[in-house]
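Trainee: Here is the input, now give the coordinates:
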Amino acid sequence: MKNFAGKVVVVTGAASGMGRDLALQLADKGARVAISDMNPTGLEETRAMLEAKRADVHAQLLNVAEREAVLEYADTVVEHFGKVNAIFNNAGIAHHGEVELTDFKTYERIMDVDYWGVVNGTKAFLPHLIASGDGHVVNTSSLFGLMSTPGQSAYNAAKFAVRGFTESLIQEMRLAGHPVSVSCVHPGGIKTAIARNATVNEGSDAAKFAELFDKKLARMSSPQAAKVIIAGVEKNKPRILVGADAKFLDKLVRVLGPSYMQVVAKAAGSTLKPR
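Mentor: Predicted structure coming up:
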């Protein structure tokens with residue numbers, strides 16, 4: 001996927017943040033864009049931005065956790081454009097809370113969107129990507145798909161699962177000789193609304209968690225992150241690390257091995273404790 005001109009690209013979670021910026025930048029490169037999200041207001045705003053660029057756009061409300069809806073959506077997009085060349089499985093949600101206090105429903109909800117949403121999108125569009133003769137699957141994991149941190153067990157579990165699923169798919173596409181490349185994206189702290197929209201355990205301060213993320217952890221802008229991701233796809237990178245923090249912590253985990261957990265736990269304890 002070295003040239004997006006004329007290619008049909010699907011972007012989930014496109015109502016805001018990286019999804020919106022991916023769609024806008026892909027349109028700037030000449031792509032025809034199918035966007036989806038559960039947020040009707042944000043989705044319509046993104047559609048208007050794309051139409052202002054005179055982009056060929058299809059927009060539809062979609063819950064990526066609903067498998068049948070995603071399967072029908074894939075057929076709808078192909079019927080609209082005639083083909084699909086790439087899918088950016090970008091939609092995601094977050095939760096902050098200790099395992100001891102996090103209920104089963106929360107784990108299910110995070111996994112349904114962040115993991116199963118990726119599987120649903122990949123499975124629904126993969127036959128069409130293969131048929132296109134020039135396909136690409138781009139699955140968004142996270143820095144937290146490379147390392148774990150306290151309070152992020154649900155998000156860690158989903159993002160590690162996305163990484164495992166995607167890395168297996170990379171190998172399978174190569175072994176089968178299919179004309180489909182695959183990339184797993186690992187963003188670090190990106191200035192999006194994911195932390196502000198995250199849920200927390202009962203008794204926790206959601207605003208304080210969001211403020212911590214925005215002020216101390218979110219270091220890269222969403223447009224810059226989208227630019228890095230698209231450049232990585234154009235270079236056919238199987239793993240795309242987004243941000244200096246993602247690159248540094250990836251190396252830290254490789255160097256320290258399991259001992260990284262002691263370092264991260266100490267750092268997290270110092271950051272999260274009341275002041």
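
Trainee: Where does the prediction get shaky in the stretch 101-250 of the chain?
Mentor: 191-197, 201-218 (pLDDT under 70).

Trainee: What ranges does it have for its strands?
Mentor: Taking DSSP state E, counting those that start in this stretch as the test, the strands found in the stretch 101-250 of the chain are 135-140, 180-187, 190-191, 199-200, 220-221, 239-242.

Trainee: Tabulate those strands in CSV, adding columns for mean neighbour count and distance to residue 16.
Mentor: C-beta coordinates here come from the backbone N, C-alpha and C atoms, glycine included. Below are the strands of the stretch 101-250 of the chain laid out as CSV (neighbours: other CB atoms under 10 Å; distance: least, CB to CB, whole Å):
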stretch, mean neighbour count, distance to residue 16
strand 135-140, 25, 14
strand 180-187, 25, 15
strand 190-191, 23, 11
strand 199-200, 19, 17
strand 220-221, 17, 13
strand 239-242, 21, 17
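
Trainee: Let's have those in a markdown table, adding distance to residue 52.
Mentor: Output for those, formatted as a markdown table (distance: least, CB to CB, whole Å):
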| stretch | distance to residue 52 |
| --- | --- |
| strand 135-140 | 25 |
| strand 180-187 | 26 |
| strand 190-191 | 23 |
| strand 199-200 | 34 |
| strand 220-221 | 21 |
| strand 239-242 | 26 |
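
Trainee: Looking at these, which is nearest to residue 105?
Mentor: Across these, residue 105 has its closest neighbour in strand 199-200 (10.7 Å, CB to CB).

Trainee: ranges for the helices of the stretch 101-250 of the chain?
Mentor: Ranges of helices in the stretch 101-250 of the chain, per DSSP state H, counting those that start in this stretch, are 104-110, 116-132, 153-176, 206-212, 222-234, 244-256.

Trainee: Just name the most buried of these.
Mentor: helix 116-132 (a mean of 21; mean count of other CB atoms under 10 Å).

Trainee: Against which helices or strands is that one packed?
Mentor: Judged by 3 or more CB pairs under 8 Å, 6 or more residues apart in numbering; DSSP states H and E, helix 116-132 is in contact with strand 8-11, helix 67-81, strand 86-89, strand 135-140, helix 153-176, strand 180-187.

Trainee: Does anything pack onto the next helix or strand after the third one? Which helices or strands?
Mentor: Read that as strand 86-89. Downstream of strand 86-89, the first helix or strand assigned by DSSP states H and E is strand 95-96. Strand 95-96 sits against helix 104-110, helix 153-176, strand 199-200, with contacts defined as 3+ CB pairs under 8 Å, 6+ apart.

Trainee: Which among the ones you listed is found nearest to residue 252?
Mentor: For residue 252, the closest of these is helix 153-176, at 16.0 Å, according to CB to CB.

Trainee: would you list the helices of the stretch 101-250 of the chain in CSV and tack on distance to residue 3?
Mentor: Below are these laid out as CSV (distance: least, CB to CB, whole Å):
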stretch, distance to residue 3
helix 104-110, 36
helix 116-132, 14
helix 153-176, 20
helix 206-212, 39
helix 222-234, 8
helix 244-256, 27
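
Trainee: For residue 186, which of the ones you listed is the nearest?
Mentor: Closest among those, once you apply CB to CB, is helix 244-256, at 5.4 Å.

Trainee: Alpha carbons of that closest one, as PDB, please.
Mentor: Extracted C-alpha coordinates of helix 244-256, given in PDB (Å, rounded to 0.1, in the frame of the first residue of the first chain):
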ATOM      1  CA  ALA A 244       9.100   8.300  21.600                       C
ATOM      2  CA  ASP A 245       7.500   6.800  24.700                       C
ATOM      3  CA  ALA A 246       6.400   3.700  22.800                       C
ATOM      4  CA  LYS A 247       9.800   3.300  21.300                       C
ATOM      5  CA  PHE A 248      11.700   3.800  24.600                       C
ATOM      6  CA  LEU A 249       9.400   1.500  26.700                       C
ATOM      7  CA  ASP A 250       9.400  -1.200  24.000                       C
ATOM      8  CA  LYS A 251      13.200  -1.300  24.300                       C
ATOM      9  CA  LEU A 252      13.000  -1.200  28.100                       C
ATOM     10  CA  VAL A 253      10.800  -4.300  28.100                       C
ATOM     11  CA  ARG A 254      13.200  -6.100  25.700                       C
ATOM     12  CA  VAL A 255      16.200  -5.300  27.800                       C
ATOM     13  CA  LEU A 256      14.800  -5.900  31.300                       C
END
